[in-house]
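Colleague: here are the coordinates; sequence isn't available:
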């Protein structure tokens, strides 16, 4: 990773991602506001992967913020004419507040959405899909995924997959691919590049990497002592060159 590439696209680790979210909240920009923009950017990325035509989309979501991003994307894709089926890999009572809110909104927007830790629900969501959104695990992962998440990751093999932020199973800071780890066609990473995605080995799982501006406040960057990436602004959705 060159210094110029880092300045252009960023290189955040997991702690810095969490600190930026906390600083944004302290500044009055709630996580749900950033989630709305994040999900819209993911939907834009998915739409381009689908050649800007309605298609069948499956969404495999986790019970936290990554899952919320995926459910927002599901809502937009449904509005654009896609047939979307989404499943949150969680049992009753396990959904965090934001994921539960976005699941309710997705249902209201016409998404065929449900929550269940059972493999049958996952199979129904991705069966026959032209594209599957991996919204399972986010940037906080530091150890191998556990069940039922591990089983969900394995079930995604062989599909065209768009991962949100990092492929589920990948350590966003180190770039280590735990067992199991999603092998994505495209990864849409939010706010800035994640440090681990600069690793050549990580790119084998991430596929093509796009970085999306989600409107992280300048005050949040300043409060964390971080420099905002120079190219990730103006609503950008940018392709990051492959690592050789």
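Modeller: That came through, no problem. Remember, it's a predicted structure, so these values are computed and weren't measured experimentally. Residues are numbered from 1 along each chain as shown.

Colleague: count of residues packed around residue 58?
Modeller: Close neighbours of residue 58, defined as other Cβ atoms under 10 Å, add up to 27. C-beta: built from backbone N, CA, C; applies to glycine.

Colleague: now residue 127
Modeller: By other Cβ under 10 Å, the residues close to residue 127 number 10.

Colleague: look up the closest residue to it, ignoring the ones flanking it.
Modeller: Nearest residue to residue 127 in three dimensions, chain neighbours excluded: residue 58, at 7.7 Å (Cβ to Cβ, 6 or more residues apart in numbering).

Colleague: confirm that the one you found sits in a helix.
Modeller: No: going by DSSP: H, G, I helix; E, B strand; the rest coil, the assignment for residue 58 is strand, not a helix.

Colleague: need the contact list for it.
Modeller: Contacts for residue 58 were tallied using Cβ atoms under 8 Å, 6 or more residues apart in numbering; they are 84, 85, 86, 125, 126, 127, 129, 131, 132, 133, 159.

Colleague: residue closest to the middle of the protein?
Modeller: The centre of the chain sits closest to residue 164, judged by Cα atoms, centre = their mean, with a distance of 1.8 Å.

Colleague: which pLDDT value goes with that residue?
Modeller: Here, the pLDDT recorded for residue 164 equals 98.

Colleague: give the contact list for it.
Modeller: Counted by Cβ under 8 Å, 6+ apart, residue 164 has contacts 38, 42, 66, 69-70, 73, 133-135, 138, 187-188, 190.

Colleague: among the residues you listed, which are in strands?
Modeller: 133, 134, 135, 187, 188, 190 (DSSP state E).

Colleague: pLDDT for those residues - can I get that in a markdown table?
Modeller: Output for the ones in strands among the contacts of residue 164, formatted as a markdown table (pLDDT from 0 to 100):
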| residue | pLDDT |
| --- | --- |
| 133 | 98 |
| 134 | 98 |
| 135 | 97 |
| 187 | 98 |
| 188 | 98 |
| 190 | 98 |
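
Colleague: now the longest helix anywhere in the chain: how far from the chain's centre is it?
Modeller: In the chain, assigned by DSSP state H, the helix with the most residues is helix 31-49. Chain-centre distance of helix 31-49: 9 Å, with Cα atoms, centre = their mean, to the nearest Å.

Colleague: tell me the buried residues in it?
Modeller: For helix 31-49, burial by neighbour count (16 or more other Cβ atoms under 10 Å) applies to 34-47, 49.

Colleague: run through who's touching that helix.
Modeller: With Cβ under 8 Å, 6+ apart, helix 31-49 has contacts from 21, 24-25, 57, 65, 68-73, 75-77, 80, 98, 101-102, 131, 133, 135, 160, 162, 164, 185-186, 188, 190, 210, 212-216, 237.

Colleague: one more time with 6 Å, if that's ok
Modeller: In this structure, residues lying in contact with helix 31-49 by Cβ atoms under 6 Å, 6 or more residues apart in numbering are 21, 68-69, 72-73, 76-77, 98, 131, 162, 164, 188, 190, 210, 212, 214-215, 237.
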